[in-house]
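# Have a look at this fold, sequence not included:
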């Protein structure tokens, strides 16, 4: 019984690490998208001034 629990716990931890990594990747992507949006906004503003 304890061995089963340990196995389950270990699998859960491994999956959890995967989920955490996924969230970190998502955060990185969101930051990159924000930077791109800001750059696009600046480009639009400078084009509008000309």
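Now that the structure is in, tell me what you want to look at. These numbers were taken from a predicted model, which means no experiment stands behind them. Numbering: from 1, shown residues only.
# Check which helix or strand residue 34 maps to.
For residue 34, the element it lies in under DSSP states H and E is helix 2-49.
# Quick one: residues contacting the residue nearest to the spatial centre of the chain.
Centroid-nearest residue in the chain: residue 26, 1.6 Å away (criterion: CA atoms, centre = their mean). Shown in contact with residue 26 (CB atoms under 8 Å, 6 or more residues apart in numbering): no residues. Using the backbone N, CA and C atoms, a C-beta is placed for each residue, glycine as well.
# and the helix holding residue 34, average pLDDT?
On average, the pLDDT along helix 2-49 is 89.
# How many residues are close by residue 27?
10 (other CB atoms under 10 Å).
# let me redo that: residue 3
Using other CB under 10 Å, residue 3 has 7 other residues around it.
# The one 3 residues further on too?
Around residue 6 there are 10 other residues, counting by other CB under 10 Å.
# And it, how far from residue 13?
10 Å (CB to CB, to the nearest Å).
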